[in-house]
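Student: Turn this into a model:
(chains A, B, C and D)
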2 protein chains.
Amino acid sequence: MAESFSIGDLARRTGIKVPTIRYYESIGLMPEPDRTAGNQRRYGRDALDTLNFIAHARAFGFPMKSVHHLLDIAAHPERPCEDIDALVAERLIEVEMRISGLTRLRDELSGLLAGHEHGTVGECRIIEAFSDHSLCAPGHKHDLPME
Amino acid sequence: MAESFSIGDLARRTGIKVPTIRYYESIGLMPEPDRTAGNQRRYGRDALDTLNFIAHARAFGFPMKSVHHLLDIAAHPERPCEDIDALVAERLIEVEMRISGLTRLRDELSGLLAGHEHGTVGECRIIEAFSDHSLCAPGHKHDLPME
DNA sequence: ATAGGGCCTCTAGTCACTAGAGGTTCAAGA
DNA sequence: TCTTGAACCTCTAGTGACTAGAGGCCCTAT
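Tutor: As a prediction, this is how the structure comes out:
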């Protein structure tokens, strides 16, 4: 008879936690598996592969929506694979934008720390920078760095 | 008589949206303002300063918890300002770690794209990379990049 | 006096899970 | 075969930091 995995087996083999696997099922990312007579989930090799795929896509930072999309694409081996390129390229651009935003932020933060004297809060340049809105002239716009 | 601002005035002057200001009040970040006879909020100059302070701290990426902490510190000008240094330094380290994680991710993503041929999904190297768990040997650990 | 834009509260939704309560099932050892 | 306890089940609610909407009241300019 075929291999059969409990939800805990899947969790151990993929590093994805048990409640997360159930969550993935609830949002339709994983198919509903067979159940034992006692109502416990039993998975086959396919489910393990799917879950690993999801884990990898998530590790690349794809949001669930894109993971859905990627799974759909992967399910049709005969189709052309341009969409994948587009998804990966989109993700790459996002990551690059985030890096440059964070790099700017890093520079501002280390600017705050550089040459900062330990005095009282009243004399503190850092607090001043937060308080003084003249430092934040029109046009100087800091976006929230991580949405 | 003293200056008096409606919640909409504050929103316009700080760039923070009206519902967000109410939210900040609800979590205790902003003090509860006076009200008109008709129950509408009326703020003074202090509230405007506080909200600007919050906006700046958030722009530096501090989580709300740290913003709370920073506000507490700023409220006591006579105390020493070491804690501020610690908070900023901590934030800097976080940002640097995030940058290096994202940089690794960027390299992996552009590695996927580099030399990728447009064929069918079945032959697609990218899909393969997501599917094939041998590419993901024990020890090779990708964390989720942005929590 | 009235029009309409701004304000009020309250609930629910977002994303991707995580935690807990309260109860059932499975599998290994005696 | 029985027992034990780890693993499983469902369901609800909570996280962070807001955002959106419903349904209704207020303020001010004309």
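
Student: Burial check on A:Asp9, number of neighbours?
Tutor: Residues lying near A:Asp9 (other CB atoms under 10 Å in any protein chain shown) number 14. Glycine gets a C-beta too; all of them are placed from N, C-alpha and C.

Student: Grab the nearest non-local neighbour of it.
Tutor: Distances taken as CB to CB, 6 or more residues apart in numbering or on different chains put A:Tyr43 closest to A:Asp9, at 7.6 Å, once the chain neighbours are dropped.

Student: which ones are touching A:Leu70?
Tutor: Taking CB atoms under 8 Å, 6 or more residues apart in numbering or on different chains, we find A:Leu70 in contact with A:53, A:57, A:62, A:84, A:87, B:127, B:130.

Student: can I assume the residue nearest to A:Asp9 is in contact with A:Ser4?
Tutor: Yes: if you go by CB atoms under 8 Å, A:Tyr43 and A:Ser4 touch, sitting 7.1 Å apart.

Student: which one of these two has more residues nearby?
Tutor: Taking neighbours as other CB under 10 Å, A:Tyr43 and A:Ser4 compare with A:Tyr43 leading, 21 against 13.

Student: and stretch A:27-43, anywhere near DNA strand D?
Tutor: Yes: Stretch A:27-43 is in contact with DNA strand D by CB under 7 Å from any atom of the strand, via A:39-41.

Student: from these, which would you call buried?
Tutor: Neighbour counting with 16 or more other CB atoms under 10 Å in any protein chain shown marks A:Arg41 as buried within the residues of stretch A:27-43 next to DNA strand D.

Student: Look at A:Leu102 and say how many residues are nearby.
Tutor: Neighbours of A:Leu102 using other CB under 10 Å come to 20.

Student: State the pLDDT value of A:His142.
Tutor: The model reports A:His142 with a pLDDT of 51.

Student: on that earlier part again, list just the nearest of the contacts of A:Leu70 to B:Ala11.
Tutor: A:Phe62 (34.5 Å; CB to CB).

Student: Nearest residue to that closest one in space, please, no chain neighbours.
Tutor: Excluding its sequence neighbours, the residue lying closest to A:Phe62 (CB to CB, 6+ apart) is A:Arg91, at 6.0 Å.

Student: residue contacts, that neighbour?
Tutor: A:60-62, A:66, B:109.

Student: please redo it, this time with the cut-off set to 10 Å
Tutor: By CB atoms under 10 Å, 6 or more residues apart in numbering or on different chains, the contact set of A:Arg91 is A:57, A:60-63, A:66, B:105-106, B:109, B:112-113.

Student: And it, how far from A:Phe5?
Tutor: 30 Å (CB to CB, to the nearest Å).

Student: and what of A:Arg58?
Tutor: Separation of A:Arg58 from A:Phe5 (CB to CB): 20 Å.

Student: hmm, back to that, just among the contacts of A:Leu70, which is most surrounded?
Tutor: Going by other CB under 10 Å, B:Phe130 tops the contacts of A:Leu70 with 25 neighbours.

Student: so that one touches A:Ser66, yeah?
Tutor: No: B:Phe130 is beyond contact range of A:Ser66, at 11.4 Å (criterion: CB atoms under 10 Å).

Student: any residues in contact with both of those two?
Tutor: A:57, A:60.

Student: and chain A, which of its residues are near DNA strand D?
Tutor: So chain A meets DNA strand D at A:6-9, A:11, A:18-19, A:22, A:39-41, A:144 (CB under 7 Å from any atom of the strand).

Student: quick one: which two of these are the most distant?
Tutor: A:Asn39 and A:Leu144 (44.8 Å).

Student: Domain map for chain A?
Tutor: According to automatic domain parsing, chain A comprises the domains A:7-74, A:90-135.

Student: Which pLDDT value goes with A:Ala137?
Tutor: 45.

Student: before we move on, which element is the residue positioned nearest the centre of chain A in?
Tutor: By CA atoms, centre = their mean, chain A has its centre lying nearest to A:Gly61, at 4.0 Å. A:Gly61 is part of no helix or strand when elements are defined by DSSP states H and E.

Student: with the contacts of A:Leu70 in mind, which one is nearest to DNA strand D?
Tutor: A:Phe62 (17.1 Å; CB to the nearest atom of the strand).

Student: where does the closest one fall, phi/psi-wise?
Tutor: Main-chain torsions, A:Phe62, degrees, to the nearest 10: phi -70, psi 140.

Student: contacting residues around it?
Tutor: A:54, A:56, A:68-70, A:87-88, A:90-91, A:94, B:130.

Student: Thanks again, I'm all set now.
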